[in-house]
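In: this one's structure only:
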Ligand SMILES: Nc1ncnc2c1ncn2[C@@H]1O[C@H](COP(=O)(O)OP(=O)(O)OP(=O)(O)O)[C@@H](O)[C@H]1O
Ligand SMILES: [Mg+2]
Ligand SMILES: [Zn+2]
């Protein structure tokens, strides 16, 4: 590694990012090289800062700088409803709709055994633990995983795990294009989907 | 329905194609490996978005290129449509009349095409997957939601098989996959059965017509033979199996199919784990065909089998024509080279009676017994087309 050409090293690291191919990685690398040294400095500090300062909320598993996260800390939130999402970007998408005033649980993925992602690889156990504390007073869990087959699998699996608890488990109603990413769904559709949810 | 203009860029070995087909017969001639099938595949892809042969989008893009483009002008009576499919390594983008298509359902029926290739001719002799492919393509053309169901089913199936192969399969997760497979599988099966119910009487008529045309038997006799024709849908997870579609078929309810498949999956879980794969479901089902009380694949001659496939394809086109109320585009890939003289004559008899647009590929122009002003011809060399 130590002897690897520094440009090649940067390109191969950038190419590991999702959605970035060899070509784009090259373009980004040469852009960084062209910019003044201060830019690279700032970028690398930002990268390290994210890893040092961002962690998971011990309550909801959201990415956060403080623990618990700002949503778990908020007094205005309705603790009796938990909305389960695949990732923090989905949480942010729902927050932008302004329709939801409950709390969240972030899974950091969906079940995809084919890619080695089973129940132990996503944060479902944390959700079960959270519900096993009756003092939390959770009455409803809304599963807002994406409306594709893997999102559906994950929702059904969660519903099964939560069966022993006295909570209502609902699935975000469709209204979102099949296979569509929640992150890119327009606010109206998403808002409507949240209002018309069904029990699973 | 007809394709009035076709523009292709970097699709397989077709670097750039500009084609203005005629409303009837379009003959594409060229030696092996020049791009004839690729051209038909491009037309099929424009119609169905799903490709004919490729498993991955990347295979469809010309080597060293980033994306492929297929663009067509399609007319149906007075309607004209502009369809455009861009294929990148990670996905396809579909644009209809300048608007991005979000759901495949909205694109459905833009260009309905039926393919007929040497693979189909071997369908009755080959394995079940070839008969399922015939059935799936036929159903897909008539039902907007079918492709989505099949893709969802296949995706769930792959995940379930991965769980089965893992060292300690989670029972809870397997049950979830069973539930999903039963849901999608019931819908797929119901649509297949509904299709076969509508298909059978038309198939029987085509079968009788072909046996008469074949000149082997008298018309009255072929009518009698046709009466003994029996088609069944074999599903190991359903009872009775095969489901006869020859009589008055009462298609089972979704609920019944779901319960049936769900139960079979549950009972088969242990065996599935041992084998590392899912043994029951529509992905394993099959078609059974018999006449004179005998299964065709074990007694019919090679020539008869091909004539029967011909009748199946004709019936497929007729079912589709009735359903859509216009004629689909026919794509015939090198079928003539696989048929003897008499059956070729039969094929062209039938084609001349088919009113719509036809694309035919061949290695030898004289295989194609079509002449006259409604025939246009091109030669295909190294991915390029030239009028001839
Ligand atoms: N992605 C691709 N990029 C470039 N060329 C490709 C690609 N995929 C396939 N080919 C080439 O296309 C050619 C095959 O074309 P095609 O299957 O259309 O032949 P054909 O004219 O139908 O031949 P035959 O008469 O043997 O059926 C092969 O030479 C193959 O190498
Ligand atoms: Mg070919
Ligand atoms: Zn939190």
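Out: Looks like it came in fine. Nothing here was measured: the structure is a model prediction, and the numbers come from that model. Ligands and ions are numbered 1, 2, ... in the order given.
In: now the residue of chain B most remote from its centre: how far from residue B:363?
Out: Within chain B, residue B:168 marks the point farthest from the mean C-alpha position, 38.6 Å out by CA atoms, centre = their mean. Residue B:168 sits 55 Å away from residue B:363, going by CB to CB, to the nearest Å. Quick note: C-beta positions are derived from backbone N, CA and C, even for glycine.
In: show me where pLDDT drops low in chain B?
Out: B:52, B:54, B:213-219 (pLDDT under 70).
In: Would you mark the buried spots in whichever strand or helix holds residue B:226?
Out: Using DSSP states H and E, residue B:226 maps to helix B:219-227. For helix B:219-227, the buried set under the neighbour-count rule, 16 or more other CB atoms under 10 Å in any protein chain shown, comprises B:222, B:226.
In: Run through the residues that contact the closest residue to chain A within the stretch 201-350 of chain B.
Out: The minimum distance from the stretch 201-350 of chain B to chain A, using CB to the nearest CB, falls at residue B:276 (12.4 Å). Each residue near residue B:276 by CB atoms under 8 Å, 6 or more residues apart in numbering or on different chains is listed here: B:161, B:164, B:165.
In: now the strands: where do they sit in chain A?
Out: Residue ranges of the strands in chain A, as given by DSSP state E, are A:55-56, A:63-64, A:78-85, A:102-106, A:140-143, A:168-171, A:198-199.
In: Now do the closest residue to ligand 1 within the stretch 101-250 of chain B against residue A:29, distance only.
Out: Nearest to ligand 1, among the residues of the stretch 101-250 of chain B, is residue B:118, at 8.8 Å (CB to the nearest ligand atom). Distance of residue B:118 to residue A:29, given as CB to CB: 49 Å.
In: More neighbours: those two, which one.
Out: Using other CB atoms under 10 Å in any protein chain shown as the criterion, residue B:118 and residue A:29 rank with residue A:29 on top: 20 against 13.
In: So the more buried one is in contact with residue A:9, correct?
Out: No - Residue A:29 is not in contact with residue A:9 according to CB atoms under 8 Å; the separation is 9.3 Å.
In: What about the closest residue in space to residue A:127 that isn't next to it in sequence, how many residues nearby?
Out: Once flanking residues are discounted, residue A:127 sits nearest to residue A:105: 5.0 Å by CB to CB, 6 or more residues apart in numbering or on different chains. Residues within reach of residue A:105, counting by other CB under 10 Å, total 26.
In: now the strands of chain A as CSV including mean pLDDT and distance to residue B:242?
Out: Converted to CSV, the strands of chain A look like this (pLDDT from 0 to 100; distance: least, CB to CB, whole Å):
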stretch, mean pLDDT, distance to residue B:242
strand A:55-56, 95, 54
strand A:63-64, 96, 55
strand A:78-85, 95, 44
strand A:102-106, 97, 48
strand A:140-143, 94, 39
strand A:168-171, 91, 36
strand A:198-199, 66, 37
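In: so the nearest residue to residue B:282 once chain neighbours are set aside, which of the three states?
Out: Excluding its sequence neighbours, the residue lying closest to residue B:282 (CB to CB, 6+ apart) is residue B:188, at 4.7 Å. What DSSP: H, G, I helix; E, B strand; the rest coil gives for residue B:188 is helix.
In: wait, doesn't residue B:188 sit right on residue B:145?
Out: No - with contact defined as CB under 8 Å, residue B:188 does not reach residue B:145; the gap is 10.2 Å.
In: the more surrounded of the two?
Out: residue B:188 (24 against 13).
In: So which residues make contact with the lengthiest helix in chain A?
Out: What stands out as the longest helix in chain A, according to DSSP state H, is helix A:37-53. With contact meaning CB under 8 Å, 6+ apart, helix A:37-53 is reached by A:32, A:65.
In: same question, stretch B:61-76
Out: B:1-15, B:42-43, B:45-46, B:60, B:80-89, B:110-111, B:326.
In: wait, residue B:347 sits on residue B:337?
Out: No - checked against CB under 8 Å, the pair residue B:347 and residue B:337 is beyond contact range at 11.7 Å.
In: Same drill for the two, tell me which one is more crowded.
Out: residue B:347 (23 against 12).
In: show me the contacts for the more buried one.
Out: By CB under 8 Å, 6+ apart, residue B:347 lies in contact with B:310, B:335, B:336, B:339.
In: Pipe those residues into TSV and attach secondary structure and neighbour count per row.
Out: Shown next, in TSV, are the contacts of residue B:347 (DSSP: H, G, I helix; E, B strand; the rest coil; neighbours: other CB atoms under 10 Å in any protein chain shown):
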residue	secondary structure	neighbour count
B:310	helix	24
B:335	coil	23
B:336	helix	21
B:339	coil	19
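In: Apart from its chain neighbours, what residue comes closest to residue 112?
Out: Chain wasn't specified; assuming chain A. Closest residue in space to residue A:112, ignoring its immediate chain neighbours: residue A:150 at 5.6 Å, by CB to CB, 6+ apart.
In: Chain B is the one I meant
Out: Closest residue to residue B:112 apart from its sequence neighbours, by CB to CB, 6+ apart: residue B:328 at 4.1 Å.
In: need the contact list for that neighbour.
Out: B:1, B:112, B:113, B:114, B:141, B:317, B:320, B:321, B:356.
In: how near is the residue positioned nearest the centre of chain A to chain B?
Out: Taking CA atoms, centre = their mean, the centroid of chain A lies closest to residue A:87, which sits 0.7 Å from it. Counting by CB to the nearest CB, to the nearest Å, the gap from residue A:87 to chain B is 19 Å.
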